[in-house]
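A.B. asks: heads up, no residue letters with this:
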C-alpha cells in the first residue's frame, strides 16, 4: 500500500466522521473518497485472486441450464453502413487487429479465428445492473492469439477496441494479464451454436468470465497490448470507467 | 456460575456492555446505514428479483421492487457506480467488524452467557407469553439475566442468521468469488436466488432496526444510548 493511499484512508475516515448528508454526497467525488473506494476495490481484487487462484474457473453449466434467450444491453448495434453491410453478408471482410506491444502484429478474419483450437463454455453472464443470463459461447482462447502474436514482456494490459459508439464515444475495455491468459477468456464468435446475434455483439465479443458484463467487449475490432492506460482515452482502462467512474475491476 | 455470582458480586455487572460490544455496535450501525442506502440505489438499476441462476426478463420475476426515492439512496441521486463504491467499501467494514464481534463475544462469553437461549425458549407458547409481557411494558428479565427471552432470540437471529446471511449472499453475487466457492452460490440456490435472499435479509434487518429503535425509545432512551456509549449506567 502506498503512502498516498494510506493518507487518503485516514482522510477518508476523518471525512466519514463529519457525517452530514451533503458532505457524504460530495465525499465520493473528493480525492480522499475516491482513494478509499479504489483501495476497497484493490482489496476485493487481492482477496479474489488469493482465494480463487489465478486459473480457477467460473462455473460452467449444462445445456439445459441456459436461459431461454440472452438479453442484449448497452449498445445493441453498430450504427454504420459498413457494419450493416457486413452483418447482412455474414462478416466476410471483418478483421480484428492484434497490435500494440507484440512482435508480430496480425489481422485476423473470422475464418482465421475459427481455424484456431476452439473452446466452448456454458457460462453465466452477470450484468452490473443485477440481472443474469446463461449461454453457450465458442471461440479461441485469447492466450492462443497473444502467443501467436508474440506478446512482449513489457505488456501489462490487454485493451479490447470495439466498433460500437455509446453517448458519442467509442466503447473499449481492458483486462490484466491474469484475466487475459485465463482459460475461459475467449474471443467468442458463436452464442448457443449460432453466430453471435447483433444485439449481443456480432461478429465477435470477448468473454471475461470472472467479471461483470461491461468487461465483455462487443463488436470487437482490435486487441491491443499496452504497458498502461495513460495514452488511452480517459486513462481509466474502459468506457464505463472513463464516462461513469465504474471500477476497472468488475469481479464484484 | 462461580460463587461470586450468588452474592451479586459478579465480575461483570449485568447492565454493562463490553467495550467490544459498544465498538462493534456503532461501527456496525454506521456500516449498515451506508450499505442499506447504497443497496437501495443499486436495486434501482434493475428492480426485479428472480429465483434460480439466471433472470433478466421482468416476466420471470417473483417480485418487482419499487423504485426507491432519491432521499433513501446513497448517493442521493441515481448513480450506480457510486452506489457500488459505497456498498463495496462498506462491505469490508461490515464483514470484518462482524467477524471481530463473533470472536469477541465467543471469547468473553457474551454469547453463551447473555444471548444463547435454551431450545425450549423457541417454543411458540413461550414466545407468545413473552410477547404478552412485552405488550404490558414489562421488559426486564425475571431471572436476573441481561436480556429477556425475546431479546435473546432476536439477537441470536440477527447475529447468528441475518448478519452472516448478508455477508454470504453478498459474496455469492461476486463473479470473482464464485471460482473460489462455487458451493456457496449452489447452496443458496443460484446467483439470482442469492440476490433475492440478499434483498429479503436486508429488509428483515431494516425491520429489526425499526423495532430496535422503538424499544430503545420506550425503555429509557437516554439510559440505553448512554449505556451503549459508556458501558455502564449513567
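C.D. replies: Here it is on my side, so go on. If you're wondering where the values come from, they're calculated on a predicted model, not measured in any experiment.
A.B. asks: alpha carbons only for contacts and neighbour counts from here, please
C.D. replies: Noted.
A.B. asks: quick one: the helices in the chain, in order.
C.D. replies: All of this refers to chain A. Taking DSSP state H, the helices of chain A run over residues A:3-18, A:21-27, A:31-52, A:81-89, A:110-115, A:142-148, A:177-180, A:239-244.
A.B. asks: that's the wrong chain, I wanted chain B
C.D. replies: B:3-6, B:19-43, B:80-107, B:110, B:124-135, B:149-157, B:163-172, B:182-187, B:191-218, B:221-230.
A.B. asks: what's the least confident stretch among the ones you listed?
C.D. replies: Comparing mean pLDDT across those, the weakest is helix B:3-6, with a mean of 40.
A.B. asks: which one, of the helices of chain B, ends up nearest to chain A?
C.D. replies: Closest approach to chain A among the helices of chain B (Cα to the nearest Cα): helix B:80-107, 4.9 Å.
A.B. asks: what's the neighbour count on residue A:50?
C.D. replies: Neighbour count for residue A:50, taken as other Cα atoms under 10 Å in any protein chain shown: 11.
A.B. asks: from chain B, how far off is it?
C.D. replies: 9 Å (Cα to the nearest Cα, to the nearest Å).
A.B. asks: could I get the pLDDT score of that residue?
C.D. replies: Here the pLDDT value assigned to residue A:50 is 93.
A.B. asks: try the one 4 residues further on
C.D. replies: According to the prediction, residue A:54 has pLDDT 87.
A.B. asks: now residue 106, nearest residue through space, not along the chain?
C.D. replies: If you meant another chain, say so; for now it's chain A. Nearest residue to residue A:106 in three dimensions, chain neighbours excluded: residue A:98, at 5.0 Å (Cα to Cα, 6 or more residues apart in numbering or on different chains).
A.B. asks: switch to chain B, please.
C.D. replies: residue B:112 (7.2 Å).
A.B. asks: related to what we said a few turns ago, tell me what the residue nearest to residue A:106 is bridged to.
C.D. replies: residue A:106, residue A:223 (DSSP bridges).
A.B. asks: so which residues on chain A come close to chain B?
C.D. replies: Proximity of chain A to chain B, by Cα under 8 Å from any Cα of the partner chain, involves residues A:24-25, A:28, A:36-37, A:40-41, A:45, A:48-49, A:51-53, A:56-59, A:67, A:71, A:124, A:126, A:129-134, A:209-212, A:244-247, A:251-252.
A.B. asks: how about the residue of the stretch 1-150 of chain A found nearest chain B, nearest residue that isn't a chain neighbour?
C.D. replies: Here the stretch 1-150 of chain A gets closest to chain B at one residue, residue A:52, 4.0 Å apart by Cα to the nearest Cα. Leaving aside its chain neighbours, residue A:52 sits nearest to residue B:180 (4.0 Å; criterion: Cα to Cα, 6+ apart).
A.B. asks: do you know the pLDDT at that neighbour?
C.D. replies: According to the model, residue B:180 scores 95 on pLDDT.
A.B. asks: who's in contact with the residue positioned nearest the centre of chain A?
C.D. replies: In chain A, the residue lying closest to the centroid (Cα atoms, centre = their mean) is residue A:215, at 2.3 Å. By Cα atoms under 8 Å, 6 or more residues apart in numbering or on different chains, residue A:215 lies in contact with A:173, A:174, A:175, A:208, A:250.
A.B. asks: surely the last one meets residue A:209?
C.D. replies: No - under the contact definition of Cα atoms under 8 Å, residue A:250 does not touch residue A:209, with a separation of 10.5 Å.
A.B. asks: neighbour count for those two, which is higher?
C.D. replies: Per other Cα under 10 Å, whichever of residue A:250 and residue A:209 has more neighbours is residue A:209, with 28 against 22.
A.B. asks: quick check on that one: phi, psi?
C.D. replies: In terms of degrees, to the nearest 10, the main-chain angles of residue A:209 are phi -70, psi -20.
A.B. asks: and residue 10, what pLDDT?
C.D. replies: Chain wasn't specified; assuming chain A. So, for residue A:10, pLDDT stands at 44.
A.B. asks: should've been chain B
C.D. replies: pLDDT, residue B:10: 40.
A.B. asks: go on, residue A:1?
C.D. replies: Per-residue pLDDT puts residue A:1 at 40.
A.B. asks: hmm, who's touching stretch A:139-158?
C.D. replies: Applying Cα under 8 Å, 6+ apart, the external contacts of stretch A:139-158 come out as A:98, A:101-106, A:113-114, A:116-120, A:174-177, A:180-190, A:223-228.
A.B. asks: now, of the residues you listed, which are buried?
C.D. replies: If you count burial by 16 or more other Cα atoms under 10 Å in any protein chain shown, the buried members of the contacts of stretch A:139-158 come out as A:98, A:101-102, A:105-106, A:113-114, A:119-120, A:174-176, A:180-190, A:223-228.
A.B. asks: so which of the helices of chain A comes closest to residue B:117?
C.D. replies: Proximity to residue B:117, assessed across those by Cα to Cα, is greatest for helix A:31-52 (35.4 Å).
A.B. asks: what angle separates the closest one from helix B:80-107?
C.D. replies: 60 degrees (axes from the mean of the first three to the mean of the last three Cα atoms, to 10 degrees).
A.B. asks: tell me the buried residues in helix A:31-52?
C.D. replies: A:32-42, A:44-45, A:48-49, A:51-52.
A.B. asks: just how off-centre is it within its chain?
C.D. replies: Centre-to-centre, helix A:31-52 and its host chain are 18 Å apart (Cα atoms, centre = their mean, to the nearest Å).
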